[in-house]
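Chemist: quick one, fold the following:
(2 chains)
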Protein chains: 2
Amino acid sequence: MSKVLIFGHKNPDTDTITSAISYAYLKQQLGVDAEAVRLGEVNGETQYALDKFGFDAPRLIDNVAGQASEVILVDHNERQQSADGIEEVKVTEVIDHHRIANFETSDPLYYRAEPVGCTATILNKIYKENHVEIPSNIAGLMLSAIVSDTLLFKSPTCTEQDVIAGKELAEVAGVNLEEYGLAMLKAGADLSDKSLEDLLSLDAKEFSFGDVKSVVAQVNAVDVNDVLNRKDELVTLLNQNLEDRGHDLYFFVVTDILNNNSTAVVVGNAAESAAKAFGKTLVDNLVDLPGVVSRKKQIVPVLTEGL
Amino acid sequence: MSKVLIFGHKNPDTDTITSAISYAYLKQQLGVDAEAVRLGEVNGETQYALDKFGFDAPRLIDNVAGQASEVILVDHNERQQSADGIEEVKVTEVIDHHRIANFETSDPLYYRAEPVGCTATILNKIYKENHVEIPSNIAGLMLSAIVSDTLLFKSPTCTEQDVIAGKELAEVAGVNLEEYGLAMLKAGADLSDKSLEDLLSLDAKEFSFGDVKSVVAQVNAVDVNDVLNRKDELVTLLNQNLEDRGHDLYFFVVTDILNNNSTAVVVGNAAESAAKAFGKTLVDNLVDLPGVVSRKKQIVPVLTEGL
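Modeler: The predicted structure follows:
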């Protein structure tokens, strides 16, 4: 029970999984009994990175209560994106690069958020501040997180700091950044053989925009038609999912990672308002979002403002 | 309007005022058009520190909306402790050492909280990370903040990091830490000539413990009888103040800075429950709190848990 568990958000992505592993390693070097765990299935992109650098996926946990008394959150802070049972444990640290919301503690803690593209970019600094060397396989994981979150430095969330950290880490990991990065992104973005149920579980996050309870999901695609050809089926599935959750909005974003555009499939009683927030009209449950690739920077703030 | 305003909490204390000044200086060195401002009157202890190191008090502002579009918070994060109009501006950074609550942003930001005794201890690190030298008069202010928040290293909130930073800063400021520290604390803790109205405005912070809207105030005293001799009058005043605010609890703590004990004067319909949270019974509106000197570490967590 004295072990500290480190984990990222539900529906884990590459930054969430690899940051848990990378920060747990750093804490262990500093003498802390830390274990990285995960809250959901590992996606294809993340599995590619884990395989490449020789890591197993962290242990899957369901409810955190009873598993530990203290936890560290990486790559998220909002309660509804975190582990079930999070209210019953003490959050001693947060390392994150998202907005802060639905987060509250009764005691002071270490909270390190920076407006950069990726948690790994912040971890890279924290390694230096603690004078701990990053092993090459951990550097490979951290690089993978940066490539994933910034879409190989093309996302508007990408900062100069992410680019510098990415290049540094590629050097330490001993890989060709462009080559490895594109291969990893493609490994996660081939959606042709994915069921719609699979797509829904890939990267869906819950948000409350005022009173509008929402899910904003995002999938990266090499070919968006792998998804959009199945739109009618998808709309039925999203509506069903919404009903089960009792929510008001499902905003499902398909991002073309080669051309950096997105299309959203939108359902729910707040769907029209959501389209309007982008200055668009909903046509057949679709909203075209040219140039949009970042949920955090180009979607969530617009919905927060508009709803 | 492009200027960034930096401020601490309402009812400012020494850490709040000096951290605003010290961080504004650092931001200016980094090319940011930053101005330190304050949300209330400067207390006697803080004035002593400002005079000693040759600073004027920052400009007083009332409502932040219309004064700036972007702000940086130091030494607090909770909305009800912050500037009026805070919802209408963008918080781009927070440097703090308190729990996180009632704080939400729509965008990612730089948030740096550490569980140390004083904001100045964190600022001391941020100066180093940015390779900016601390001028001796700014070091004097930062030292004053550490002495104030840790009661000359005697508070349980004090960490090893605060002690190290305090000693470093005393060296840079060119003052004798013990001598200057005690003189500064005494300057703020002579309550014999203070009106009760003055005492109430010294360091009162609002909190919500579940549904219990509360004020937790703290005054440092060289002689607690300067306050407790006027208890009946004080109870009347606190009750009146509660009624005006429509709150449920006024928890007024008088701390003996020479012996490191406290006595709380408690009123409101949650007063009994508040005493019970400490395992005590309320007698004549008084609760004895031996060994308690820290609102943050020894009072707020107990009330959060118990109410």
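Chemist: so what's residue A:192 up against?
Modeler: Counting by Cβ atoms under 8 Å, 6 or more residues apart in numbering or on different chains, residue A:192 touches A:223, A:226. Any C-beta I mention is one placed from the backbone N, CA and C, and that applies to glycine too.
Chemist: quick one: list the elements packing against the helix or strand of chain A with the lowest mean pLDDT.
Modeler: Ranking every helix and strand in chain A by mean pLDDT, DSSP states H and E puts helix A:196-202 at the bottom, with a mean of 85. The helices and strands touching helix A:196-202, judged by 3 or more Cβ pairs under 8 Å, 6 or more residues apart in numbering or on different chains; DSSP states H and E, are strand A:212-221, helix A:231-245.
Chemist: beta partners for residue A:72?
Modeler: Residue A:72 forms beta bridges with residue A:6, residue A:93, as assigned by DSSP bridges.
Chemist: give me the pLDDT value at it.
Modeler: In this model, residue A:72 is scored at 98, pLDDT.
Chemist: and it, what does it touch?
Modeler: A:4-7, A:23, A:27, A:34, A:91-95.
Chemist: tell me the residues of the stretch 101-250 of chain A that contact chain B?
Modeler: A:101-115, A:129 (Cβ under 8 Å from any Cβ of the partner chain).
Chemist: who wins for neighbours among the residues you listed?
Modeler: Among these, the one with the most neighbours (other Cβ atoms under 10 Å in any protein chain shown) is residue A:111, at 26 neighbours.
Chemist: and that one, what helix or strand is that in?
Modeler: strand A:110-113 (DSSP states H and E).
Chemist: that strand: how far from the chain's middle?
Modeler: Here the centre of strand A:110-113 is set off from its chain's centre by 18 Å, with Cα atoms, centre = their mean, to the nearest Å.
Chemist: can you pull the alpha-carbon coordinates of it into PDB?
Modeler: In PDB, the C-alpha atoms belonging to strand A:110-113 read as follows (Å, rounded to 0.1, in the frame of the first residue of the first chain):
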ATOM      1  CA  TYR A 110       3.400  19.200  -6.800                       C
ATOM      2  CA  TYR A 111       1.600  20.300  -9.900                       C
ATOM      3  CA  ARG A 112       3.500  21.000 -13.000                       C
ATOM      4  CA  ALA A 113       1.600  22.000 -16.100                       C
END
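Chemist: returning to that earlier point: rounded mean pLDDT for the helix or strand immediately after the least confident helix or strand of chain A in the chain, please.
Modeler: Note on helix A:196-202: by DSSP H and E, the next helix or strand toward the C-terminus is strand A:204-209. When pLDDT is averaged along strand A:204-209, the result is 92.
Chemist: same thing with stretch A:287-296?
Modeler: 93.
Chemist: not counting that stretch itself, show me its contacts.
Modeler: Applying Cβ under 8 Å, 6+ apart, the contact partners of stretch A:287-296 are A:98-99, A:151, A:154-157, A:205, A:216, A:218, A:253, A:255, A:257, A:260-264, A:266, A:274-275, A:278, A:280, A:298-299, B:108.
Chemist: now intersect the residues you listed with the helices, please.
Modeler: A:274-275 (DSSP state H).
Chemist: ok, of the contacts of stretch A:287-296, which come out buried?
Modeler: A:98-99, A:151, A:155-157, A:205, A:216, A:218, A:253, A:255, A:257, A:260-264, A:266, A:274-275, A:278, A:280, A:298-299, B:108 (16 or more other Cβ atoms under 10 Å in any protein chain shown).
Chemist: do you know how far residue A:151 is from chain B?
Modeler: 17 Å (Cβ to the nearest Cβ, to the nearest Å).
Chemist: my guess is that residue meets residue A:258, correct?
Modeler: No: checked against Cβ atoms under 8 Å, the pair residue A:151 and residue A:258 is beyond contact range at 9.8 Å.
Chemist: report the contact partners of residue A:111.
Modeler: A:93-94, A:96, B:100, B:111-114.
Chemist: ugh, typo on my part, it should be residue A:194
Modeler: Contacts of residue A:194 by Cβ under 8 Å, 6+ apart are residue A:226.
Chemist: residue A:182: how many residues sit nearby?
Modeler: 15.
Chemist: now do the SS call for it.
Modeler: Following DSSP: H, G, I helix; E, B strand; the rest coil, we place residue A:182 in the helix state.
Chemist: need the nearest residue in space to it, chain neighbours excluded.
Modeler: residue A:152 (6.6 Å; Cβ to Cβ, 6 or more residues apart in numbering or on different chains).
Chemist: pull the number of nearby residues for the one you found.
Modeler: Residues contacting residue A:152 under the criterion other Cβ under 10 Å number 18.
Chemist: quick check: the residue of the stretch 201-307 of chain A nearest chain B.
Modeler: Nearest to chain B in the stretch 201-307 of chain A, going by Cβ to the nearest Cβ, is residue A:304, at a distance of 4.3 Å.
Chemist: in what element of secondary structure is that residue found?
Modeler: Counting by DSSP H and E, residue A:304 is part of helix A:300-306.
Chemist: by contact count, what packs against that helix?
Modeler: strand A:204-209, strand A:212-221, helix A:271-277.
Chemist: mind running it again at 6 Å?
Modeler: Helix A:300-306 is packed against helix A:271-277, with contacts defined by 3 or more Cβ pairs under 6 Å, 6 or more residues apart in numbering or on different chains; DSSP states H and E.
Chemist: quick one: mean pLDDT over the helix it packs on.
Modeler: 96.
Chemist: now it, how far from the centre of its chain.
Modeler: 24 Å.
Chemist: going by neighbour count, list what's buried in that helix.
Modeler: Buried positions in helix A:271-277, judged by neighbour count with 16+ other Cβ under 10 Å: A:271, A:273-275, A:277.
Chemist: in the helix or strand just after it, which residues are buried?
Modeler: Next along the chain after helix A:271-277, taking DSSP H and E as the criterion, comes strand A:286-289. Buried residues in strand A:286-289, defined by neighbour count with 16+ other Cβ under 10 Å: A:286-287, A:289.
Chemist: residues touching residue A:304, list them.
Modeler: Neighbouring residues of residue A:304 by Cβ atoms under 6 Å, 6 or more residues apart in numbering or on different chains: A:209, B:106.
Chemist: distance check, it against residue A:293.
Modeler: 18 Å (Cβ to Cβ, to the nearest Å).
Chemist: re earlier: quick check: the residue nearest to residue A:182 touching residue A:181?
Modeler: Yes: if you go by Cβ atoms under 6 Å, residue A:152 and residue A:181 touch, sitting 4.7 Å apart.
Chemist: just say helix, strand or coil for residue A:251.
Modeler: strand.
Chemist: which residues touch it?
Modeler: For residue A:251, counting by Cβ under 6 Å, 6+ apart, the contacting residues are A:216, A:264, A:266, A:274.
Chemist: next, the distance between the ends of stretch A:121-135.
Modeler: 15 Å (Cα to Cα, to the nearest Å).
Chemist: ok, now stretch A:29-37?
Modeler: 18 Å.
Chemist: now it: buried residues?
Modeler: Neighbour-count burial for stretch A:29-37 flags A:32, A:34-37 (criterion: 16+ other Cβ under 10 Å).
Chemist: likewise for stretch A:5-25?
Modeler: For stretch A:5-25, by 16+ other Cβ under 10 Å, it's A:5-25.
Chemist: kindly export that stretch (C-alpha atoms) in CSV.
Modeler: Extracted C-alpha coordinates of stretch A:5-25, given in CSV (Å, rounded to 0.1, in the frame of the first residue of the first chain):
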residue,chain,number,x,y,z
LEU,A,5,0.8,4.4,-8.8
ILE,A,6,1.4,6.6,-11.8
PHE,A,7,-1.1,6.8,-14.6
GLY,A,8,-2.5,8.8,-17.4
HIS,A,9,-6.1,9.2,-18.7
LYS,A,10,-8.7,6.7,-19.6
ASN,A,11,-8.6,5.5,-23.3
PRO,A,12,-4.9,5.9,-23.1
ASP,A,13,-2.9,7.3,-25.9
THR,A,14,0.9,7.2,-26.5
ASP,A,15,1.7,10.2,-24.3
THR,A,16,-0.3,8.8,-21.4
ILE,A,17,1.2,5.3,-21.5
THR,A,18,4.8,6.3,-22.1
SER,A,19,4.7,9.2,-19.7
ALA,A,20,3.5,6.9,-16.9
ILE,A,21,6.4,4.6,-17.7
SER,A,22,9.0,7.4,-18.1
TYR,A,23,8.0,9.2,-14.9
ALA,A,24,7.8,5.9,-12.9
TYR,A,25,11.4,5.2,-14.0
